[in-house]
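Q: sequence and predicted structure are below.
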Amino acid sequence: MVAIFECTFTHKKIYLRSPHIFGRSANSDTHLEGKDISQLHASVKWNGVVWEIFDHSRNGTMIDGALLLCEKKALLNVGTSICFGRSKQSNWTVEKLTPPCSMLLSLSGDEKYIELQNFNLIPNEIAPEFSIYRSETGQWVWECNEEVRLLRDGDQVSIAGTQWKFFNAGEIEATSSNTLAPTFTGPNIFLHFHDSWNGERVSLKMTVMDQIIDLGERVHHYCLIKLARKRLEDAKLGVDSGSQGWMDLQLFAAMLGLDVSYVNTHIFRIRNQLAQALPDGITLPNIIERRRDEVRLGSVGFEIINGSVKEGIASPTENVSTRTQAILANEK
């Protein structure tokens, strides 16, 4: 879902942010030329229900032929005609109005775009090259193999040899930071692993807001339970929380009998499955953390049942490293 204006003279299309600034200022989202155009001429904003336009100019803005004066606002509808000034390039028509949506925009000139959800496998789940997801703090994160970085508005990414530009549709305070903010799962998300007695099948359930979601049996659950066991082992040994659970990616891949690229595919699919299963309004926590050439399970609560035996449990409300004595290992 995207919101689009089209210039009636050039037929150029623009995608709307919230807010979206029009004016002569170089800092405007859409730059307009003309002596009758103010530095900050007008702004468009999604109020959570509808789009509104606000005039901030000396000369006003024409909306369907009616003059909108400074500091006044009007509702927008599909087909609305907007005139910011006298030049032909200042005339726009509202083509589409849906809630703001961050996207990848094609740089090939074909007006293609990929709408982004909270978690995305790019180009697809079958053969992902990388993932883009929104952290709990609202930051957009790009992850490819062992590299993880914040995705800034205007950053370019390559998909199958073609170039795309990241378009951030909303200004989020957290993205002003230059570092990845830590993410926390809180007490309402808990993973329940059930490993078969012979270790051939791993099923997973997730408790979210007191709701149990059955995620079934997947091949990538085997990858996740291995990371959970490593975290438990380190906790029992009294390893500091910042060092718990980290595994060399190459060694981890060898342990699983896979190459590194396939391990990364498993990680992509883990994140995707959990993100899709979460109820609306809940963002996926940082289930799997990365640093250069290493991975680990994030600070999430979990338990492991092996056959009928409880192998271990880690609370989501406490630091795993400080509760070694509370890890329940059945010695049967």
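A: Cool, the structure landed. As the structure is a prediction and not an experimental result, all values here were calculated from the model.

Q: what ranges in the stretch 201-332 of the chain fall below the confidence cut-off?
A: 315-332 (pLDDT under 70).

Q: kindly report the same for the stretch 51-200 of the chain.
A: Residue ranges of the stretch 51-200 of the chain with pLDDT under 70: 136, 145-146, 171-188, 198-199.

Q: now do the end-to-end distance for stretch 107-126.
A: 24 Å (Cα to Cα, to the nearest Å).

Q: show me where this protein has helices.
A: 219-236, 249-256, 260-277 (DSSP state H).

Q: can you tell me what sits against the second one?
A: So the one you mean is helix 249-256. 146, 222-223, 226, 259-260, 262-263, 293-295 (Cβ atoms under 8 Å, 6 or more residues apart in numbering). Placement of C-beta: from N, CA and C, glycine included.

Q: can I have the buried ones of the residues you listed as a ChimeraX selection?
A: Buried residues among the contacts of helix 249-256 (16 or more other Cβ atoms under 10 Å), as a ChimeraX selection:
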select :222,223,263,294,295
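
Q: which two of the contacts of helix 249-256 have the greatest separation?
A: With Cβ to Cβ as the measure, no two of those lie farther apart than Tyr222 and Asp293, at 21.2 Å.

Q: domain ranges for this protein?
A: 4-96, 103-176, 189-326 (automatic domain parsing).

Q: and the residue most central in space within the chain, bridged to which residues?
A: The residue lying closest to the centre of the chain (Cα atoms, centre = their mean) is Arg134, at 2.0 Å. Counting by DSSP bridges, Arg134 forms beta bridges with Trp140.

Q: mind listing the residues bridging to the closest residue to Ser18 other than its chain neighbours?
A: Nearest non-adjacent residue to Ser18, counting by Cβ to Cβ, 6 or more residues apart in numbering: Trp46, 4.0 Å away. Beta-bridge pairing for Trp46 (DSSP bridges): Trp51.

Q: what's near enough to touch Trp46?
A: If you count contacts by Cβ under 8 Å, 6+ apart, then Trp46 has 3, 16, 18, 99-100 around it.

Q: hmm, which two among the residues you listed are most spread apart?
A: Leu16 and Pro99 (9.9 Å).

Q: looking at these two, which one has more neighbours?
A: Set side by side, Leu16 and Pro99 show more neighbours around Leu16, with 25 against 16, by other Cβ atoms under 10 Å.

Q: quick one: the more buried one and Ala3, what's the gap?
A: Per Cβ to Cβ, to the nearest Å, Leu16 is found 4 Å from Ala3.

Q: which residues do these two both contact?
A: Joint contacts of Leu16 and Ala3 (Cβ under 8 Å, 6+ apart) are 46, 51, 100.

Q: nearest to Gln89 among the residues you listed?
A: Trp51 (21.5 Å).

Q: ok, the closest one - contacts?
A: 3, 16, 44-45, 75-76, 97.

Q: could you do Leu274 as well?
A: 206, 215, 284, 287.

Q: what is the burial count for Gln39?
A: 14.

Q: and the residue nearest to Gly154 when sequence neighbours are not counted, how many neighbours?
A: In this structure, Gly154 finds its nearest non-sequential neighbour in Lys165, 6.2 Å apart by Cβ to Cβ, 6+ apart. Residue neighbour count, defined by other Cβ under 10 Å, stands at 15 for Lys165.

Q: so Lys165 versus Ile212, what's the distance?
A: 41 Å.

Q: same thing with Gly48?
A: From Gly48 over to Ile212 (counting by Cβ to Cβ), the distance is 31 Å.

Q: looking at those two, which has the bigger crowd around it?
A: Ile212 (10 against 7).

Q: doesn't Met206 make contact with the more buried one?
A: Yes: contact criterion Cβ atoms under 8 Å: Ile212 and Met206 qualify, at 7.5 Å.

Q: now do the shared contacts for these two.
A: Shared contacts of Ile212 and Met206, defined by Cβ under 8 Å, 6+ apart, are found at His192.

Q: before we move on, the earlier item: distance of the residue nearest to Ser18 from Tyr133?
A: Distance, Trp46 to Tyr133, by Cβ to Cβ: 22 Å.

Q: Leu215 reaches Leu278, doesn't it?
A: No: the criterion here is Cβ under 8 Å, and Leu215 misses it with Leu278 at 11.0 Å.

Q: so what's the residue count around Ser135?
A: Around Ser135 there are 20 residues (other Cβ under 10 Å).

Q: most neighbours among the contacts of Leu274, which one?
A: Leu284 (22 neighbours).

Q: now that one. Nearest residue, chain neighbours left out?
A: Ala275 (4.3 Å).

Q: so the one you found makes contact with Phe119?
A: Yes: using Cβ under 8 Å, Ala275 is in contact with Phe119, at 3.4 Å.

Q: any residues in contact with both of the two?
A: With Cβ under 8 Å, 6+ apart as the test, Ala275 and Phe119 both reach 133, 284.
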